[in-house]
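Asker: below are the sequence and a predicted model; questions follow.
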Number of protein chains: 2
Amino acid sequence: MSAGAADRLGGMRSLLATVSDLHDTLALLQWDQQTCMPGAAAGGRAEQLATVSRLAHERSTDPELGRLLEALEPEADPETDDGALVRVALRDFRRATRLPSELVEDLARATALADSAWAAARQASDWGRFAPHLERIVALVRETAEAYGFEEHPLDPLIDIHEPGMTRARLAAVFAELREALLPMVRTVAEQPDGREAPLHGDFDEAAQEAFGREVVARFGYDWRRGRQDRAVHPFCTGIGPDDVRITTRFDRTFLQTALFSTLHEAGHAMYEQGVSRAYARGALAGGASTGVHESQSRLWENQVGRSRAFWRAFYPRLRELFPAALQTVELEAFYRAVNRAAPTPIRVEADELTYNLHVLLRFELEAGLLEGSLAVADLPEVWNARMAEYLGITPAGDAEGVLQDVHWSSGAFGYFPTYTIGNLLSAQLFEAALAARPEIPEEMERGAFDALRAWLAEHVWRHGRKYDPDDLVTRATGRPMEPGPYLRYLREKFGELYELPVEVAAEA
Amino acid sequence: MSAGAADRLGGMRSLLATVSDLHDTLALLQWDQQTCMPGAAAGGRAEQLATVSRLAHERSTDPELGRLLEALEPEADPETDDGALVRVALRDFRRATRLPSELVEDLARATALADSAWAAARQASDWGRFAPHLERIVALVRETAEAYGFEEHPLDPLIDIHEPGMTRARLAAVFAELREALLPMVRTVAEQPDGREAPLHGDFDEAAQEAFGREVVARFGYDWRRGRQDRAVHPFCTGIGPDDVRITTRFDRTFLQTALFSTLHEAGHAMYEQGVSRAYARGALAGGASTGVHESQSRLWENQVGRSRAFWRAFYPRLRELFPAALQTVELEAFYRAVNRAAPTPIRVEADELTYNLHVLLRFELEAGLLEGSLAVADLPEVWNARMAEYLGITPAGDAEGVLQDVHWSSGAFGYFPTYTIGNLLSAQLFEAALAARPEIPEEMERGAFDALRAWLAEHVWRHGRKYDPDDLVTRATGRPMEPGPYLRYLREKFGELYELPVEVAAEA
């Protein structure tokens, strides 16, 4: 590398470090807002967030950064970490500078209004209050897509924000395959008597719940010296730098599932952040490869591990020890069936592994229709309910538990929902590859050990941060780009046995 | 006001709001560092703090802000809030722009090195390790004083940072009066048998300690909806905006005094911040009039209230209820004597009301000598120990509990120590004025009520924020500028009775 290039690289790193520090600071402001901040301070915190966001945006779009990146692009070796840094940073820079500031402001204003209108509309289950706001947001999001530019579909550049390289067309093919496989399984499961999750309801001391979660994720490999856990209404994980990756959960004294699985889920996100190569700290390669890849790590530890028989063979004795009264008559197998109970529900966030992706499919189809203009906002509730009946066989009692249930659209987040399904698919695809490479994983899990699994993920996923785009990362790790096969195999095997599905339903198509 | 002036005022307010948001953000980064942050994240947090500090400094010294303030100064009415805002903001701006950035960087580097050298030197009680660092810092602080400019003494501009309008000469006169009055009292008290604080030692459940502190400061008027309390090794109060003023404390299970009085102290600071006029939020008038006035509010609630017989008549029954085993044989009067035990100690932060200001006097004299060049760094330990013997009749066992005990000088904070004494003096002066204006205060306190006192402080101190300089504020509130008389009257009355001092010692000179 020439001396000039080294100088440019140093200058770029220094500018990116400031942006990174500001993003870490924003993460702390938000973490604190959800965990510690007195409620009365919401107005002041909104101002602090707006100011630091504005400064972060200014620094992200600093023309000097753009000049350095443009000069570095042709001279950096794309195979090296520096080359990847330049490539990713330039993509971030172009994205950050592509939207006219007027559009950004219009969208900020519209979503601020829509967020509170949505909350009120959901509270009253009154679609009419939200519809005009959504009209406005769809128009602005469509403008946003045009400002980013797209060839095939306005959803493409919006998906690309979360999943570099992914398109609506590719997702549509994936969802078609999922739909065909899942619908008959869901129908068969729904016909069976429910009630398997009874063992999870009872009286479960919160301190004991917390202790159990802490023990488990420490065994997973979450590094408590570089993190902490707090309570939050909506659990999340946040990275405030590589040595400060915090998780949150919420406890329900009467329902064991809530805190337990959210803790495993958030710890999955956190281990990913903690596992990114330290060389990437304070630069554009820190963080996860995509929202979907991030979600794959949380889902993998929550589901492939945390809802497996092997896991509960290791940990159920300890759980029973902590809750002797509630669990003394519940055998391991009944408990395993409880945490894997499947049943259609109108609410996405309460959905199980089998039905979850149908909720996503529905939203994916609707938001594509809204943006391309083939679906009018006014028709949304009707279409929502019709698809819900078709996919899950249920009808929401009202719009509050139907079309108004999610916050995403009111905040302008179109193209985000599919990342949940990408996470699910990749969790199975990566776990299958890990099992193939390290066959000792199941036996380790039965002993409550996770060394081989953790080492494989660290090596093939975590350490790379944002160096590789998702498809590249997944192909390097599993030999193939993302595909629904492994997830469907996983579901068929697990639910085929749990619900004694007829062979033609459970077998691969 | 002309349309142009209104525009300038609006522009100035907007620039100041950004600075204020960044300072609030720094306060959160620091609060989190002391209370929540995983220890491993210290390096990353230092970077985040450095970046946000740098941006805050850039915005504080924005030439556009300077132009607006210079234009506004002649046209703003100094009697109005807007006039005060312009005056205070212009003073802040001039101070922020007066230091050459090279000097700021040199000082930052030197203090970073000195801070760790000081910690190691104190640990080993080895003055030689710290002395060369202090030499360097004294030279840089002296340069700083020259950059700010001064007429009489290099300590003047450094004191002025914390206490606008205060000078070394005026403080020297105050300290001379204190010294003359305190020395004979301290000598007489030191001759008496010690051991009064025995009731404070024992086994005190931390949750009960916390509950008691929370109840008391809620009765004081600390607004828990706009604050919270956490644990920190060195207790502090921090404002992250007017609706988010947090206090911290630390618990010692074996010593009741630690958490209790630090809680009352920090709540005093916090009520001041919570009581500033809402019209001053996100501007240069938010916060306290000076460091000393701020300290007066913490000292007032800690000492004038929290160490009074009236207060304990109200709260001792409740304390005994919480700690029946430890306190059942301790009568109210013995407890009152315990919390007011006085005895010379080499350590400032452990000093009582009677001896505290002599610790400050010693430091004030030494830092003046260092800056004016009449005292060499090399001679500091010897002079320290000689003055300690003269003022308090004791000799430190080593430099760790002598000249190395405080962090201040290693961080470049010269001119800060006197604010502790200013706080003590003003606590008594303001309390005396409140008692004169609202004679029902003592009777209210005996009932555990503080309405009259709180209302008087809110009206005469809190709401004004930084609008008035300390002397102006104190004169408006008490009829006179700061003077030692009220504090000496308070000490003579209290300790005259507690230690049965002979009349010639306890009576006013």
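Answerer: Noted; the coordinates are in hand.
Asker: isn't residue A:71 up against residue A:8?
Answerer: Yes - the pair formed by residue A:71 and residue A:8 meets the contact definition of CB atoms under 8 Å, at 5.7 Å. Backbone N, C-alpha and C define where each C-beta goes, glycine included.
Asker: which SSE is residue A:453 in?
Answerer: Residue A:453 belongs to helix A:451-460 when assigned by DSSP states H and E.
Asker: contacts for that helix, please.
Answerer: Outside helix A:451-460, the residues within contact range by CB atoms under 8 Å, 6 or more residues apart in numbering or on different chains are A:220-221, A:271-272, A:275, A:297, A:300, A:305, A:430, A:433-434, A:437-438, A:440-441, A:444-445, A:476-477.
Asker: filter those to the buried ones?
Answerer: Neighbour-count burial within the contacts of helix A:451-460 applies to A:220-221, A:271-272, A:275, A:297, A:300, A:305, A:430, A:433-434, A:441, A:444-445, A:477; the criterion is 16 or more other CB atoms under 10 Å in any protein chain shown.
Asker: mind checking which of those residues are in helices?
Answerer: Among the buried ones among the contacts of helix A:451-460, the ones falling in helices (DSSP state H) are A:220, A:271-272, A:275, A:297, A:430, A:433-434, A:441, A:444-445, A:477.
Asker: on that earlier part again, state the mean pLDDT of the helix holding residue A:453.
Answerer: The pLDDT scores in helix A:451-460 average 98.
Asker: all helices for the stretch 351-500 of chain A, in order.
Answerer: Secondary structure of the stretch 351-500 of chain A (DSSP state H, counting those that start in this stretch): helices located at A:356-372, A:380-392, A:418-437, A:441-446, A:451-460, A:470-478, A:485-498.
Asker: deepest-packed of these, please.
Answerer: Most buried of the helices of the stretch 351-500 of chain A, by mean neighbour count (mean count of other CB atoms under 10 Å in any protein chain shown): helix A:418-437, with a mean of 23.
Asker: pick out the residue nearest the middle of chain A.
Answerer: residue A:295 (3.7 Å; CA atoms, centre = their mean).
Asker: for residue A:437, see how far away whatever residue of the stretch 351-500 of chain A ends up closest to chain B is.
Answerer: Nearest residue of the stretch 351-500 of chain A to chain B, counting by CB to the nearest CB: residue A:465, 15.5 Å away. In this view, residue A:465 and residue A:437 are 21 Å apart by CB to CB, to the nearest Å.
Asker: hang on, residue A:55 packs against residue B:56?
Answerer: No - look at residue A:55 against residue B:56 with CB under 8 Å: they stay out of range, at 10.0 Å.
Asker: helix or strand right after the helix or strand harbouring residue A:86?
Answerer: Per DSSP H and E, residue A:86 falls inside helix A:81-98. Downstream of helix A:81-98, the next assigned helix or strand under DSSP H and E is helix A:101-124.
Asker: off-centre distance for the next helix or strand after that next one?
Answerer: Using DSSP H and E, the helix or strand that follows helix A:101-124 in sequence is helix A:127-148. A distance of 23 Å separates the C-alpha centroid of helix A:127-148 from that of its chain, computed with CA atoms, centre = their mean, to the nearest Å.
Asker: next one: stretch A:217-237
Answerer: Counting by CA atoms, centre = their mean, stretch A:217-237 comes out at 16 Å from the chain centroid.
Asker: now the terminal residues of that stretch, how far apart.
Answerer: End-to-end distance of stretch A:217-237: 13 Å, with CA to CA, to the nearest Å as the criterion.
Asker: quick one: secondary structure of the nearest residue to residue A:16 once chain neighbours are set aside?
Answerer: Excluding the flanking residues, the one nearest residue A:16 by CB to CB, 6 or more residues apart in numbering or on different chains is residue A:283, at 5.1 Å. Here residue A:283 is coil, with the state taken from DSSP: H, G, I helix; E, B strand; the rest coil.
Asker: quick one, the helix holding residue A:86 and helix A:101-124 angle?
Answerer: Angle, helix A:81-98 to helix A:101-124, by axes from the mean of the first three to the mean of the last three CA atoms, to 10 degrees: 80 degrees.
Asker: was I right to think the residue of the stretch 351-500 of chain A closest to chain B contacts residue A:284?
Answerer: No - when contacts are counted by CB under 8 Å, residue A:465 is not listed as touching residue A:284 (9.1 Å).
Asker: name the residue in residue A:71 and residue A:8 with the higher neighbour count.
Answerer: Using other CB atoms under 10 Å in any protein chain shown, the more surrounded residue of residue A:71 and residue A:8 is residue A:8, with 20 against 16.
Asker: tell me how far that one lies from residue A:478.
Answerer: Counting by CB to CB, the gap from residue A:8 to residue A:478 is 36 Å.
Asker: now swap in residue A:390 and tell me
Answerer: From residue A:390 over to residue A:478 (counting by CB to CB), the distance is 32 Å.
Asker: then residue A:368?
Answerer: From residue A:368 to residue A:478 the distance is 28 Å (CB to CB).
Asker: buried residues in the helix or strand where residue A:69 lies?
Answerer: Residue A:69 is part of helix A:63-75 when elements are defined by DSSP H and E. Neighbour counts over helix A:63-75 (16+ other CB under 10 Å) mark A:65-66, A:68-69, A:71-72 as buried.
Asker: what angle do that helix and helix A:81-98 make?
Answerer: Using the same axes, to 10 degrees: helix A:63-75 against helix A:81-98 is 140 degrees.
Asker: touching chain B at all, helix A:63-75?
Answerer: No - residues of helix A:63-75 are not located near chain B by CB under 8 Å from any CB of the partner chain, the shortest gap being 14.9 Å.
Asker: enumerate the residues of chain A near chain B.
Answerer: A:17-18, A:21-22, A:24-25, A:28-29, A:32, A:36-41, A:43-45, A:47-48, A:50-52, A:55, A:224-228, A:240-244, A:281-282.
Asker: what subset of those is buried?
Answerer: Buried among the residues of chain A next to chain B (16+ other CB under 10 Å): A:17-18, A:21-22, A:24-25, A:28-29, A:32, A:36-38, A:40-41, A:44-45, A:47-48, A:51-52, A:55, A:226-228, A:240-244, A:281-282.
Asker: in the stretch 201-350 of chain A, what spans have low per-residue confidence?
Answerer: Of all residues in the stretch 201-350 of chain A, none has pLDDT under 70.
Asker: now the strands: where do they sit in it?
Answerer: All strands of the stretch 201-350 of chain A, identified by DSSP state E, counting those that start in this stretch, fall at A:229-231, A:237-239, A:245-249.
Asker: mind putting the ones you listed in TSV, mean neighbour count included?
Answerer: Below are the strands of the stretch 201-350 of chain A laid out as TSV (neighbours: other CB atoms under 10 Å in any protein chain shown):
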stretch	mean neighbour count
strand A:229-231	18
strand A:237-239	24
strand A:245-249	25
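Asker: possible to save those as TSV with distance to residue A:492?
Answerer: Compiled in TSV, the strands of the stretch 201-350 of chain A are given as follows (distance: least, CB to CB, whole Å):
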stretch	distance to residue A:492
strand A:229-231	35
strand A:237-239	30
strand A:245-249	31
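Asker: determine the longest helix present in chain A.
Answerer: helix A:3-35.
Asker: give the other helices and strands that that one contacts.
Answerer: Packing partners of helix A:3-35 (3 or more CB pairs under 8 Å, 6 or more residues apart in numbering or on different chains; DSSP states H and E): helix A:42-60, helix A:63-75, helix A:81-98, strand A:237-239, strand A:245-249, helix B:3-35, helix B:42-60.
Asker: go again with 6 Å.
Answerer: Secondary-structure packing of helix A:3-35 (3 or more CB pairs under 6 Å, 6 or more residues apart in numbering or on different chains; DSSP states H and E): helix A:42-60, helix A:63-75, helix B:42-60.
Asker: what angle sits between that helix and helix B:3-35?
Answerer: Going by the same axes, to 10 degrees, helix A:3-35 makes 80 degrees with helix B:3-35.
Asker: check the gap between the closest residue to residue A:426 other than its chain neighbours and chain B for me.
Answerer: Closest residue to residue A:426 apart from its sequence neighbours, by CB to CB, 6+ apart: residue A:296 at 3.5 Å. Using CB to the nearest CB, to the nearest Å, residue A:296 is found at 25 Å from chain B.
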